[in-house]
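A.B. asks: here's a sequence, model it:
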Amino acid sequence: MKPIFLTYNKKIQKIVVGFTRYNKKFDSWINSQQIVQPDGYLPSEGVSMISDVLRAMSEVSKNSCKFVGLENMSSYVMLDNRIRILPFNIRRGSADKDADIADQLLAFSDLLLKKLYPKWKDVDLMEFISLMHEPDTTIDQLLEHPLLLLPQKRELVYRKSWIRDLSNDQEDLIVSIAYNGWKSKIPVDEDVLQFMLKTGYYDDDFNGAFKFSHDTSSHYMARARQLNKVRISN
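C.D. replies: As a prediction, this is how the structure comes out:
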């Protein structure tokens, strides 16, 4: 338990002390974080931590309040793997809520850059931190950033973005490319590829070739990460 405020209650004529539950200091949690490999994803508890702080900012803003000191590790505690911002960091917000949000994002980004980026050297994390520095960035935009999405949802965002940016002529050209017979070009001595080809449902056109290339690359990337984890643990 950590004391967070002390006040005198006139009705009972006693001093009342408020506490918040926690079982780990924030700096201890940071020190326990594993190094993220360049081809890896942000750990799930890291995604939860960042998302929870952003949602907390949004909630206090709805009540015309704001957080201060978000750049300091002493402003946080952990209950298991869930982060808590200590209540004595809450202040009454200004009339300009957007400016308050921008200040909080800047302070929180400073913490991420100095304390967590050395552990999580993820390219998307650095891009995310840079986005937090933009004065027009909203919390909703950050919560929808690929960094905070599950790998499957992240891929869907990238795919939608890729498709959206294609012109009609480009899309027609890709679909019209003759991919007939692409299955016969898969080497017969590649057991994994042949197995995926036989067990999957792939059309003999561009869409089938695209889906097959997606599935095989996902398979080998997942396998590479597994081997990488084994190598690190040994």
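A.B. asks: look at the residue nearest the centre of the chain and report its pLDDT.
C.D. replies: Central residue of the chain (Cα atoms, centre = their mean): residue 148, 2.2 Å from the mean position. With respect to pLDDT, residue 148 scores 87.
A.B. asks: which residues in this structure form strands?
C.D. replies: 2-9, 14-20, 24-25, 65-67, 76-79, 82-85, 90-92 (DSSP state E).
A.B. asks: so which elements touch the last one?
C.D. replies: So the one you mean is strand 90-92. Applying 3 or more Cβ pairs under 8 Å, 6 or more residues apart in numbering; DSSP states H and E, one finds that strand 90-92 contacts strand 65-67. Bear in mind the C-beta positions are built from the backbone N, C-alpha and C, glycine included.
A.B. asks: the strand it packs on - contacts with which helices or strands?
C.D. replies: helix 44-62, strand 90-92, helix 97-111.
A.B. asks: if you count neighbours, what's buried in the last one?
C.D. replies: For helix 97-111, the buried set under the neighbour-count rule, 16 or more other Cβ atoms under 10 Å, comprises 100, 101, 102, 103, 104, 105, 107, 108, 109, 110, 111.
A.B. asks: quick check: domain ranges of this structure?
C.D. replies: Listed by automatic domain parsing, the domain ranges of the chain are 22-149, 166-233.
A.B. asks: turn those domains into TSV, including distance to residue 11.
C.D. replies: Below are the domains of the chain laid out as TSV (distance: least, Cβ to Cβ, whole Å):
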stretch	distance to residue 11
domain 22-149	22
domain 166-233	58
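A.B. asks: packed most tightly, which of those domains would that be?
C.D. replies: domain 22-149 (a mean of 16; mean count of other Cβ atoms under 10 Å).
A.B. asks: show the end-to-end separation of stretch 81-94, please.
C.D. replies: 32 Å (Cα to Cα, to the nearest Å).
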